[in-house]
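**Q** turn this into a structure:
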Amino acid sequence: MPLPAGTAKFVESFPPMPLSSCLLDSVAVLRVSGPQGADLLHAQLSQDFQNWPADQARLAALLNPQGRMLADFTALQWAPEQIVLLLDASIAAAALQRLRMFVLRLKCTLDDVGAQLQRHGLLGATPDDYPVHLAPPPQPWGVRRLDSGALLLRLPQADPAVRCLLVSDSTQPAQQTLQTELAALPAQSASAWALQDIRAGLPHITQATQQLFVPQMLNLELIGGLNFKKGCYPGQEVVARSQYRGTLKRRTYLVSSAAPLQAGQEMVHVADPGQPCGLVVNAAPDDAGRWWALAELKISLAEQPGLHLGDASGPVVEIGALPYALTAPA
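**A** Numbering: from 1, shown residues only. Sure thing, here's the model as predicted:
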């Protein structure tokens with residue numbers, strides 16, 4: 001079978017290496033365009049969009065007035081006066097509609113550009129597994145603009161591997177060539193990519209979990225998704241109370257089970273079998289068939305064995321170790 005156009009260049013520029021690629025159709029892309037787009041996001045989301053280096057991604061949450069998460073975003077500065085927001089595709093339409101409600105007289109527009117901007121996940125054992133023209137940023141959440149104009153974001157990882165997310169424009173010839181090159185790499189499955197996020201402790205809101213969690217329940221302040229100095233936004237008072245008054249009673253943990261797990265499933269502890277003690281946030285299987293998940297749980301019960309899926313007689317769920325501590329830095 002003949003190789004796709006542009007593949008010859010790819011084969012020459014990529015020496016043999018264990019670099020794999022995953023087309024991320026489950027990730028949607030919204031674009032905020034206009035001179036006041038950053039002002040809109042600053043006023044509506046949990047992150048600072050006014051003091052923002054172009055070589056850094058921003059994590060942020062969209063909340064309802066009760067402080068519950070409607071969406072989580074990874075934001076990138078795509079072009080002058082253009083910001084792209086990456087989020088789970090199951091909630092993209094609702095998030096777009098919600099943000100448009102607050103445009104009012106601001107000089108900006110929002111649209112879904114998922115058909116134009118492709119998303120690829122890349123995974124290599126070390127930075128040396130990436131070719132020179134795809135050299136990853138040195139630190140997680142760093143962003144590098146490639147010569148083609150595409151953006152390469154380095155993601156946190158639970159192991160020494162180097163994981164990146166690349167956003168490229170299908171209407172630009174140079175980026176079309178890059179997309180062809182990526183398509184020729186060994187393929188990684190969508191579930192394998194999701195498992196990397198789970199093991200890295202990066203939760204994502206989906207349709208099954210909208211409006212269920214205050215951001216700290218999903219460890220958002222520990223992974224850089226909350227800014228406590230930026231001022232008001234919808235739900236900000238609830239977030240501030242959760243941070244500064246009393247002890248947080250729920251957190252997100254890495255868990256695993258021999259039984260299949262899925263977002264929105266309840267978990268029960270034998271110490272309190274009459275009511276759920278938590279919910280599955282995201283889940284994916286590993287190559288051996290064991291399921292891994294990020295699960296929001298009562299802290300007091302997560303610290304002792306006896307966790308089960310569904311009810312106290314359901315499949316056993318074990319607590320694993322996240323790559324970061326479940327306490328805010330001093």
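
**Q** ok, and what's touching stretch 251-259?
**A** 198-199, 201, 203, 216-219, 261, 267, 281, 289-297, 299, 302, 307, 309, 314-322, 326 (CB atoms under 8 Å, 6 or more residues apart in numbering). The C-beta positions use only the backbone N, C-alpha and C, and glycine is treated the same way.

**Q** now list the buried members of those.
**A** 198-199, 201, 203, 216-219, 261, 267, 281, 291-297, 302, 307, 309, 314, 317, 319, 322 (16 or more other CB atoms under 10 Å).

**Q** and the residues you listed, which of them are in helices?
**A** 198-199, 302 (DSSP state H).

**Q** just put the residues you listed in TSV and tack on pLDDT and distance to L153.
**A** Below are those laid out as TSV (pLDDT from 0 to 100; distance: CB to CB, whole Å):
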residue	pLDDT	distance to L153
I198	98	18
R199	98	18
A302	92	31
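
**Q** ok, of those, which one's closest to L63?
**A** I198 (22.8 Å; CB to CB).

**Q** flag every buried residue along stretch 195-210.
**A** Buried-residue list, stretch 195-210, by 16+ other CB under 10 Å: 195-206, 208-210.

**Q** stretch 101-108 too?
**A** 103, 108.

**Q** and the nearest residue to A174 once chain neighbours are set aside, how many residues sit next to it?
**A** Leaving aside its chain neighbours, A174 sits nearest to S148 (4.0 Å; criterion: CB to CB, 6 or more residues apart in numbering). Using other CB atoms under 10 Å, S148 is surrounded by 17 other residues.

**Q** so S148, which state does it fall into?
**A** The three-state label given to S148 by DSSP: H, G, I helix; E, B strand; the rest coil is coil.

**Q** which ones are touching it?
**A** Taking CB under 8 Å, 6+ apart, one finds 168, 172, 174-175, 177-178 in contact with S148.

**Q** now it: how far from E318?
**A** The gap separating S148 from E318 is 44 Å, by CB to CB, to the nearest Å.

**Q** show me the helices in the stretch 151-300 of the chain, by range?
**A** 173-183, 190-199, 236-244, 299-302 (DSSP state H, counting those that start in this stretch).

**Q** so how far is the longest one off the chain centroid?
**A** Meaning helix 173-183. 24 Å (CA atoms, centre = their mean, to the nearest Å).

**Q** output the contacting helices and strands for that helix.
**A** helix 7-13, strand 20-23, strand 117-124, strand 162-169 (3 or more CB pairs under 8 Å, 6 or more residues apart in numbering; DSSP states H and E).

**Q** put together JSON lines for those, with mean neighbour count and mean pLDDT on each row.
**A** Below are the helices and strands packed on helix 173-183 laid out as JSON lines (neighbours: other CB atoms under 10 Å; pLDDT from 0 to 100):
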{"stretch": "helix 7-13", "mean neighbour count": "13", "mean pLDDT": "36"}
{"stretch": "strand 20-23", "mean neighbour count": "19", "mean pLDDT": "97"}
{"stretch": "strand 117-124", "mean neighbour count": "22", "mean pLDDT": "98"}
{"stretch": "strand 162-169", "mean neighbour count": "22", "mean pLDDT": "98"}
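
**Q** out of the ones you listed, nearest to C108?
**A** It is, among the helices and strands packed on helix 173-183 and with distance given as CB to CB, strand 117-124, at 17.8 Å.

**Q** with adjacent residues omitted, what lies nearest to N227?
**A** Once flanking residues are discounted, N227 sits nearest to D48: 4.5 Å by CB to CB, 6+ apart.

**Q** what about stretch 93-103, average pLDDT?
**A** The average pLDDT within stretch 93-103 is 98.

**Q** now that stretch: buried residues?
**A** Quick answer for stretch 93-103 (16+ other CB under 10 Å): 95-96, 98-99, 103.

**Q** now stretch 77-86
**A** Buried, per 16+ other CB under 10 Å, within stretch 77-86: 77-78, 83-86.

**Q** just the CA atoms of that stretch, as PDB, please.
**A** C-alpha atoms of stretch 77-86 as PDB (Å, rounded to 0.1, in the frame of the first residue of the first chain):
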ATOM      1  CA  GLN A  77      -2.800  31.200  23.400                       C
ATOM      2  CA  TRP A  78      -3.400  30.200  19.800                       C
ATOM      3  CA  ALA A  79      -2.700  33.500  18.000                       C
ATOM      4  CA  PRO A  80      -2.900  37.300  18.800                       C
ATOM      5  CA  GLU A  81      -6.300  37.800  20.400                       C
ATOM      6  CA  GLN A  82      -7.200  34.100  20.000                       C
ATOM      7  CA  ILE A  83      -7.400  31.600  22.900                       C
ATOM      8  CA  VAL A  84      -8.300  27.900  22.400                       C
ATOM      9  CA  LEU A  85     -10.000  25.900  25.200                       C
ATOM     10  CA  LEU A  86      -9.600  22.100  25.300                       C
END
